[in-house]
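> below is the structure, and that's it, no one-letter string:
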């Protein structure tokens, strides 16, 4: 079927159209959609946490990729769960959702809703893989509702093959002192898009978002993050880093939006891109929108080659230039991958990155 | 008891007394309101255009009618072109001596300090009043160096420089670029042409001052500067208008050609009245080893869209942009810069500050583009925004588009308010709260102020002090 979606990953405040960064349009042919065949929910589940396969009629929530993507995913859901964490329950182990795109499940559309009650805590780990060279499709929608003093940790690891299309759309809402911490690893796929919008409504609520991306061959990566500060003393941390090789293309949009009334809010955003080929395309739009005086907002972005001093140091210790560069790419990801709570998944990510790096014969 | 209350002696507006004095409109000729081919032909005939220029105007009008309003930035719905008079000729001819300029116009420029500045510190002055340049003069020693500084109309018709103007006119900023530059192409009038021959160092600045006096009018001056190989020039542009309760429009166009190893500093102090739509376009192309330096202060206008663009075409060329924007009540100032690194080892630096107060809205908008062939280039962007109350707004919208790996590109931005600790520290040293805040804001703007011509820096500091009195806290 044809997937045609417009106004995707839109910048909250558009700029010059000729830069082509305001939004994207998705126009792809995707395989047939049918209910997920197989198990994707881990067998070991946390106690006292309600998990059901039925979608939850949750309150309206904006997501990072926009209405067209959210509606399409909800309308064509093939899998996913609803996780309810009662008040005061701190889940002792993560909820694992492992999705595989292959001939059995050529199109995977998962919708996951996490509702964390007052003073509760839960971790949800999602991973996406595919059969090698399988031209499949994954689209994900994750809705997070963090109640008062609740903590939701979401880890999403995308390790799809080179012929898969992928998007991951997240919406989050935090009540007073609620926290949403997200790790996104966009490592594979032919084209990958990700978006996240967090509505920091409650006083002292927090968004902590760490992302890594890896672009090689002709992969395209398109990211749109938005932290909307409406509550007082809210806090957002958005940090992305990645490496681009070959003819890969990446667009990163990150917005901190201080709405009037969000007094004493703090928002920090950073993005660091390591570039390894004269043919990469690296685009960034780090925005701050501010309608409140009593806030602190900062963003920083940088792009360039590996620091020659670091390279020299490693080479003086006996590494070839290629190995030294590979090591530094891996090091770029480590601070984020080390925070994946599941050792098996952490190792899988590490292996996946290594395999990708092994395929590299030269980097400039 | 009252002493415990924070003093709130709200200053309603920047003290614009000097700028706001309105002269009686005494036009010798003006076209009707709106924009039609008939009006464009009328302007062309009134200006005695060569045929190529008349055709260029008509082509620009067609492009204007075809293009849409921008879908980003401040809303432009309040601007009704059917109510704008695009050409008003003041009741005088171009003069080269101030005492020949009619008294009412001369007095306006006297109040603005232009003749005095010319005597003291300028190599040449051009003064435009509504649609026409009324005064143009350049010092003899500068003229002897071969420097041409004249009004655009004279340059277009000049047998020696006309071909040079034709070769460059709206080639760097083509009318297809956006709607308001197409409008400019159709109805442009006035402005300056500067040519600095290779190797010539113009030691003291040239200045053009643009004054729009008539209500409901537009000003569309065209500035074309060509700085030859190894030459050096500082050009200052000032603009102001009295306030009316109808919309005025400024859609000027500046094209700067900076030759090999040449340097051009282009300073602008824009203090239009707060009924002005300032939709101006400025662009420079820089050859090998050349440097363009922009210094830009935006204080006036109801709405401003202003993003000077630099195309670093030659290897090792450089651009530096230093800008400050101060938006008060009723103002939405959307300013910034654009740079295209189109050659290896090019360098750009953008440093901006903005202050939003009393419901004002500042937007910093920029783009840094690095093309595939521009290896070994560096770019650094820094923008800082200060919010003085919670009725105002400040947005930062930068874009970086990098298309090779041998680059060093950095961007940082900060937004915030005046720190209570800093105020407390200054007050503990015996400084009043008012003065402490004014001192901090002045200090915030100081890195920009020191790049401005001294008389403008002093004026800017005075404006900040006036604005700050009792207005925050």
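Received it, and whenever you're ready, just let me know what you need. Keep in mind that this is a model prediction, so the values were computed, not measured.
> just the closest residue of chain A to chain B, please.
Taking C-beta to the nearest C-beta as the measure, the point where chain A comes nearest chain B is residue A:275, at 3.6 Å. The way it works is simple: take the backbone N, C-alpha and C, and place the C-beta from them, glycine included.
> tally of neighbours for the spatially closest residue to that residue that is not a sequence neighbour?
Nearest in space to residue A:275, with sequence neighbours left out and distances taken as C-beta to C-beta, 6 or more residues apart in numbering or on different chains, is residue B:405 at 3.6 Å. Applying other C-beta atoms under 10 Å in any protein chain shown, we find 25 residues neighbouring residue B:405.
> wait, residue B:405 sits on residue A:278?
Yes - counting by C-beta atoms under 8 Å, a contact exists between residue B:405 and residue A:278, whose distance comes to 5.6 Å.
> show me which residues of stretch A:148-162 are buried.
By neighbour count on 16 or more other C-beta atoms under 10 Å in any protein chain shown, the buried set for stretch A:148-162 is A:148-162.
> which among these gets closest to residue B:165?
Nearest to residue B:165 among these is residue A:162, at 55.5 Å by C-beta to C-beta.
> got a list of what the residue lying closest to that closest one once chain neighbours are set aside touches?
Nearest in space to residue A:162, with sequence neighbours left out and distances taken as C-beta to C-beta, 6+ apart, is residue A:190 at 5.9 Å. Taking C-beta atoms under 8 Å, 6 or more residues apart in numbering or on different chains as the definition of contact, the neighbours of residue A:190 are A:162-165, A:218-220.
> re the thing from before, for the residue of chain A closest to chain B, phi and psi?
Its backbone dihedrals place residue A:275 at phi -110, psi 130, with angles given as degrees, to the nearest 10.
> anything in stretch B:321-329 near chain A?
No - counting by C-beta under 8 Å from any C-beta of the partner chain, chain A has no neighbours in stretch B:321-329; the shortest distance is 12.7 Å.
> of all the residues in that stretch, which ones are buried?
When neighbours are counted by 16+ other C-beta under 10 Å, the buried residues of stretch B:321-329 are found to be B:321-328.
> tell me the strands in the stretch 251-400 of chain B, going along the chain?
In the stretch 251-400 of chain B, the strands defined using DSSP state E, counting those that start in this stretch lie at B:253-258, B:263-271, B:276-279, B:281-286, B:291-298, B:303-306, B:309-312, B:318-327, B:332-341, B:347-356, B:361-370, B:377-387, B:393-402.
> rebuild the ones you listed as TSV, extending it with distance to residue B:452 and mean pLDDT.
What follows is those, written out as TSV (distance: least, C-beta to C-beta, whole Å; pLDDT from 0 to 100):
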stretch	distance to residue B:452	mean pLDDT
strand B:253-258	18	98
strand B:263-271	7	91
strand B:276-279	18	95
strand B:281-286	17	98
strand B:291-298	6	94
strand B:303-306	16	96
strand B:309-312	19	98
strand B:318-327	8	94
strand B:332-341	15	97
strand B:347-356	12	95
strand B:361-370	18	97
strand B:377-387	17	94
strand B:393-402	22	97
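> right, and those - which one's nearest residue B:80?
Residue B:80 lies closest, by C-beta to C-beta, to one member of the strands of the stretch 251-400 of chain B: strand B:276-279, at 10.4 Å.
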